[in-house]
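1. for reference, the sequence and a predicted model appear below.
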Amino acid sequence: MKKYILSAFLFVLFFSLNALAQTTLVARGSSWKYLDNGSNQGTGWIAPAFNDSVWAAGNAQLGYGDGDEATVVSYGADANNKYITTYFRKSFNVANPADFNNLTLDILRDDGAVVYLNGTEIYRNNMPAGAVGYQTLASTAISGAEETTTFLQANGISPSLLVAGNNVLAVEIHQSGGTSTDISFDFDLIGQTAVPTASVTRGAYLQMGTANAMTIRWRTSIATDSRVQFGTVQGALSNTADDGAQTTEHEIRLTGLVANTKYFYSIGSTTQVLAGNDANHFFFTSPNAGQANPYRIWVLGDSGTADVNAQAVRNAYLNFTGATYTNLLLMLGDNAYETGTDADYQTAVFNMYPSVLRQTPLWSTIGNHDTAQSTNPPSSLPYFQMFTFPTGTEGGGVASGTEKYYSFNYGNIHFICLDSMTSSRAVGSPMLTWLESDLSQNIQPWVVAFWHHPPYTKGSHDSDTEAQLAEMRTNVLPILESWGVDLVLAGHSHSYERSFLIDGHYGTSNTFTNSMKKNPGGGREDIDGAYTKSALSPNLPNEGAVYAVAGSSGKISGGLLNHPAMFVSLNNLGSMVLDVNGNRLDAKFIRENGTIADYFTIIKGGTPPTVPNAPTNLTATAASSSAINLAWADGSTNEDGFRIERSTDNVNFTEIGTVAANITNYSAGSLAASTQYFFRVRAFNAAGNSAYSNTANATTQAAPPPLPNAPAGLSAATVSASQINLSWTDNASNETGFKIERCAGVTCTNYAQIATVGTNVTTFSNTGLAKNTTYRYRVRAYNATGNSAYSNIASAKTLKR
Amino acid sequence: MKKLFGISIIVFLSAFAIAAHDGLHEQILAVTEAIKKDPQNAALYLKRAELYRLHAEWKLSENDFDRAEKLDGNLASINLGRGKLGLDTKQFSKAKRALEKFLRREPESFEGILTMARVCAKLGQTGAAVRYFTKAIALAPEDSAEIYLERAETSVSANRIDEALRGLDEGIEKLGNLVTLQTAAIDLEVRRRNYDAALARLDKLTAVMERKESFHLRRGEILYQAKRNCEARKSLLQAQEIYNSLTDFRKKVRAVKEQIARLEKLLKTIPAKSCQ
């Protein structure tokens, strides 16, 4: 949907190009002028200006002797001394020779032929080298299909021989001898368009990276199909992912990847690798949720100036990070000035950060310049077109249903992206409802939220007076803080402002009090100590968060820079770097000149947690033909949850789900019937995974049998005043038996079951009936799955006496 | 829910009435300069009218719409702008007239249809508003829960609960089992005392959530409201068991504290002996 308009345009463009790609200049079967009088025409007849008006004309195939000619030419009066040479000429028009980069001819010739285009020989076949005269014989006699149907092809004829306007082909067909029985001639000339070669004009860039998937996008100069080749060894990309659609906007989602693994890749089409398969095109998949490794995150805010400022900030970061991999790139909005057009993005983002974008997934929030100030932008907005963010649970958070706000996990960090520009920020609005739900489900110990409009700033914007900023502060912060957010990132003001570790400040700046500082220092480990929170836990309500405005990655705009919640306020260009490792988060503001202008650390818990103990006593019980219930004993007190793995061979296990801490059961569903499955469970927390539990196995129950077919042909026969005999046809082969139902009365419908009979029994004697009474019967088969449909209804009346 | 919706929309709109927008002032100056050089260019006045509107300078905005129209009455977007301006300034009837003119020219404009839906809702013309919202959903370039919720709220304002639910289900069908849509639907089911339907929706939501305690609590509350006290107690105890197992940190979360308080209050009203 989102690329519909562009795709439609490209579709038309592509097929327009294809139509031009091959143009028939002279078609087979065309009309040719010819001269068949055995005369010597010398060389003048090949000139374009030669006057052939007195020559005869006829459609190809031209010739004689085979019986398949459209136009029969003369060989003279003597069949034993036929004319050796027959001459042909054909005029055709070319509007613009530059349309073509190659010419191809196909010729049916018997016996020898020489072809001239605008006076220049372009083809000779079955003729001796050197000068050719009107009595020059063909080198050999042609026979078989080459006389009638086989066209010889010549490629690589220079289109520079063409002229705009009228062009002339001249062809001479030579006999191999005067007694040869036949000659043949037909011809086509094809012009091939200079089809441009595809090249990458944007990307590759990475989107929506998860532990098992990565989206790779790029743009090409012309529409092609899409192919990504990828693998874990550079130069040996053994996997391929294709999309056959012709497009310039390529988007391939690689799935089934292994977590925390380096993949190399190339991009291109099914016929051409356009970039990659080198040391620069690679990415790491995300670690599994909960995994605590060192992670580096680069944060850019309001970076979209596409100028020397942005370049300096970029270069400073690249110098700083060196060979350390950037796990994530967060963009805080206003990524491309002035109005977030596609061209703005090309210069401000894709041309500015190519080396990072092809290795690191980009996650962004939307700023006011990305929508050109619109609060209700259309989906054709370039921002929505070029980025792919989760709307469901792809990233590990609760589904938001929109790319405007979403969440994702990266190892032990839960990232929340909010939309302060186009979505309602009101209490009870969809975004805030989703936010509460998402936070209530989070089990990752670090929570980092980001959006564009800062809740606290006295830079080029003022959070005391601007609605978006105030609403985010008053409506969103209480939710985030109550769920223990650690760090909030925003842009909008073109400055760097970083708060103390604070909590509970939801009013204007003049309501900020020192009591709202959970730590009055700067959070600098070497000066006044890091900010600390009580545990490495996802939920440390109201223990404080750091708020950073990092909107100076492209320009600085000054301001009062005196918000009392801020520990530091700088009117400097720069970007932020976050390093998260286990229970500590280190943040730095790297200026455009490479100096570190601010830094702070948050440490959660005094010491990092230990790996949890393994769960024990895992049991597996088949619950149905498609489900097995698991239960285990919780062996630890510090787990964040449990990972459940399944195998069918007790060797290769796959993780099938996680449950939260203290949950000790799980129902494994979507299983095959009558199949043995092996399971194991391990606990996890920020320190890593526990050892596995014991392995338990169970076999799913057999699939229930299908319902039996309904019996038919039920008949009821009166035997006496108190007995009616029934008989029916058994149409099933899997019934357990039959249920017989009866009601009394000619039109009765209140059937009640009166008996069952066993497998394959097809008769029943109903005794003890009332005399002179009509009874109606129906029968159905049954088995463990259920009952069949009913048979027909049969009735009979007992005798009067 | 109705109240919240009302607040949401008021806050949402007023936000833009008082916001100072980054770059707007500069853009207005730039367009003004362009107008000086090309004073007969209707598109420039139209652009500045829109910028003035975003900057909450209503009179200046209206003046520029007038000038744009005088210069080129064929610019359909003038009436779209007037419609938005009318919505911003609470001149809903005037807004509607302008939007009617605009939609006659551009009947498939998503922006026009959505603005018209909101204007009709403000005018209390529920049926029309719902129809426009429905059309806006069909035309929406990108699906989002917001319009479904706005439409549902409009239906609810006229006590058309069934219609609201159908609309929410349409959203759920299209966008998935979103907590934003499903919780609104649960509230409506409870409001019309269709407790089994509410529970069925809740169960569907619970199934996809990793942490289930708040959903068990909600289940207990719905069952209690349905006067199925013993079933309610069972759900509440299920929730209580999970709440008890939470870390102390999590128990301190405001939302969790509130939930536990609700749980305990409710459990007190259903003593164990009443369910023996």
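-> Nice, I can see it. Just so it is clear, the structure is predicted and the values come from calculations on it, not from any experiment. Numbers count the residues shown, from 1 in each chain, chains lettered A, B, ... in the order given.

2. may I have the secondary structure class of the residue nearest to the spatial centre of chain A?
-> By Cα atoms, centre = their mean, the mean C-alpha position of chain A lies nearest to A:Arg253, the distance being 3.4 Å. Following DSSP: H, G, I helix; E, B strand; the rest coil, the label given to A:Arg253 is strand.

3. pLDDT score for it?
-> Predicted confidence (pLDDT) for A:Arg253: 97.

4. and if you look at B:Asp162?
-> 95.

5. could you pull out the strands in the stretch 551-700 of chain A for me?
-> A:566-570, A:574-581, A:584-591, A:596-604, A:616-622, A:628-633, A:641-647, A:654-660, A:665-668, A:676-685, A:688-689, A:696-699 (DSSP state E, counting those that start in this stretch).

6. what mean pLDDT does the host helix or strand of A:Leu714 get?
-> Using DSSP states H and E, A:Leu714 falls within strand A:712-718. Across strand A:712-718, the average pLDDT comes to 95.

7. returning to what we had before: pretty sure the residue nearest to the centre of chain A contacts A:Asn212?
-> No - with contacts counted by Cβ atoms under 8 Å, A:Arg253 stays clear of A:Asn212, the gap being 10.8 Å. Quick note: C-beta positions are derived from backbone N, CA and C, even for glycine.

8. could you list the low-confidence segments of chain A?
-> A:1-21, A:194-196, A:379, A:606-609, A:686-687 (pLDDT under 70).

9. residue ranges with poor pLDDT in chain B?
-> Applying pLDDT under 70 to chain B flags the ranges B:1-23.

10. can you pull out the strands in it?
-> Counting by DSSP state E, one finds no strands in chain B.

11. what's the answer for the stretch 301-450 of chain A, then?
-> Under DSSP E, counting those that start in this stretch, the stretch 301-450 of chain A gives strands at A:328-331, A:362-364, A:406-410, A:413-417, A:446-450.

12. in a markdown table: those, plus mean neighbour count and distance to chain B.
-> Converted to a markdown table, these look like this (neighbours: other Cβ atoms under 10 Å in any protein chain shown; distance: least, Cβ to the nearest Cβ, whole Å):
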| stretch | mean neighbour count | distance to chain B |
| --- | --- | --- |
| strand A:328-331 | 23 | 16 |
| strand A:362-364 | 24 | 15 |
| strand A:406-410 | 26 | 12 |
| strand A:413-417 | 26 | 12 |
| strand A:446-450 | 26 | 12 |
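
13. let's have those in JSON lines, adding distance to B:Ala200.
-> Formatted as JSON lines, those follow (distance: least, Cβ to Cβ, whole Å):
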{"stretch": "strand A:328-331", "distance to B:Ala200": "39"}
{"stretch": "strand A:362-364", "distance to B:Ala200": "36"}
{"stretch": "strand A:406-410", "distance to B:Ala200": "27"}
{"stretch": "strand A:413-417", "distance to B:Ala200": "30"}
{"stretch": "strand A:446-450", "distance to B:Ala200": "32"}
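
14. A:Pro390 is nearest to which of these?
-> strand A:406-410 (4.8 Å; Cβ to Cβ).

15. now the angle between strand A:413-417 and the closest one, please.
-> 160 degrees (axes from the mean of the first three to the mean of the last three Cα atoms, to 10 degrees).

16. where does A:Tyr75 fall, phi/psi-wise?
-> phi -110, psi 10 (degrees, to the nearest 10).

17. list the contacts of it.
-> A:36, A:64, A:82-83, A:175, A:183 (Cβ atoms under 8 Å, 6 or more residues apart in numbering or on different chains).

18. SS state for the nearest residue to it once chain neighbours are set aside?
-> Excluding the flanking residues, the one nearest A:Tyr75 by Cβ to Cβ, 6 or more residues apart in numbering or on different chains is A:Lys82, at 3.8 Å. Per three-state DSSP, the local secondary structure of A:Lys82 is coil.

19. pretty sure A:Lys82 contacts A:Thr179?
-> Yes - counting by Cβ under 8 Å, A:Lys82 touches A:Thr179, with 7.2 Å between them.
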